[in-house]
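# Structure of the sequence below:
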Amino acid sequence: MQLFYSPKIANQQLHLSAEESRHAIKVLRKGEGEILHLVDGKGGYYQVEITVANHKKCEFRIVDKVEQSNPIPYELHIAIAPTKNNDRIEWFIEKATEIGITEITPILCDHSERKVINQERLTKVLVSAMKQSGQAFLPKLNPLTKLGDLIKVQNMESKYIAHCEEQRQKKLNELYKKGSKSLILIGPEGDFSTNEIKLALDNNFKPITLGNNRLRTETAGVFVCSTINLLES
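Residues are numbered from 1 along each chain as shown. Below is the predicted model:
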């Protein structure tokens, strides 16, 4: 089923964005009287009928609405260092959304290879992945944030840092509590610095290992999403 995204439909803004309108009218050749299926990113599924088939501003009326009460039965916030290659961080965001995640924060670390992000582009990737996977909840994407600032303000129930230094790290499945609210830090290709690891541990983050193999940043992020999804199954 083809889904469209209309975030302001709950405020009775009964038309698609220019981009979604073009896709519905010009690409899919939808016309007046035809039915579209919409999500609002906040848990609402809508069945709507096109009233004005304009490729710049497709207008509609609501036929039916179904509320999805819960996005996923847990809260997962991953703070991850953007990769030097944009395609790789976009791949992480796409796959994490498909698997199940509630919040993503790109972080700026001592060893970061990328110090700027295209927030608008990454949001488009999120929206596309949400629609493709048939979900009605859009994960929250925060602006690029300094790691130290994030560590000091976060008050999640469970906090973890995945790093490669030799310590007594445990596996995520040994520490994770089903249904918990979790924040997991994933560093850049050069790993977190020693000072960053100390700062996290001083702020009650638990060190974890993601296995014996050294993973790329985006692979580590997807691994975490998959692991928690399986632990919640």
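# and residue 151, which of the three is it?
helix (DSSP: H, G, I helix; E, B strand; the rest coil).
# How much space separates it from residue 65?
Remark: distance between residue 151 and residue 65 (Cβ to Cβ, to the nearest Å) = 40 Å. Any C-beta I mention is one placed from the backbone N, CA and C, and that applies to glycine too.
# Of the two, give the one with the bigger neighbour count.
Comparing residue 151 with residue 65 by other Cβ atoms under 10 Å, the one with more neighbours is residue 151, at 23 against 14.
# Just the endpoints, please. Distance across stretch 61-79?
End-to-end span of stretch 61-79 (Cα to Cα, to the nearest Å): 39 Å.
# Would you mind listing the buried residues in that stretch?
For stretch 61-79, the neighbour count (16 or more other Cβ atoms under 10 Å) marks 71-72, 74-79 as buried.
# Read off the pLDDT value for residue 211.
Per-residue pLDDT puts residue 211 at 87.
# What count of nearby residues applies to it?
Around residue 211 there are 10 residues (other Cβ under 10 Å).
# what residue ranges in this structure are flagged as low confidence?
Counting by pLDDT under 70, the chain contains low-confidence residues at 11, 69-70.
# which residues of it fall in helices?
Ranges of helices in the chain, per DSSP state H, are 18-22, 86-99, 119-132, 147-153, 172-175, 194-202, 217-231.
# can you give me the offset of the second one from its chain's centre?
Put plainly, it is helix 86-99. 8 Å (Cα atoms, centre = their mean, to the nearest Å).
# now it and helix 217-231, what's the angle there?
Put simply, helix 86-99 runs at 10 degrees to helix 217-231, going by axes from the mean of the first three to the mean of the last three Cα atoms, to 10 degrees.
# What are the buried residues along helix 86-99?
Under the neighbour-count criterion of 16+ other Cβ under 10 Å, helix 86-99 has 88-99 buried.
# who touches it?
78, 80, 82-83, 104, 106, 114, 117-118, 121-122, 125-126, 128-130, 132-133, 135, 139, 141, 216-218, 221-222, 225-226, 229 (Cβ atoms under 8 Å, 6 or more residues apart in numbering).
# Just want the angle from that helix to helix 119-132.
Interaxial angle of helix 86-99 relative to helix 119-132 (the same axes, to 10 degrees): 40 degrees.
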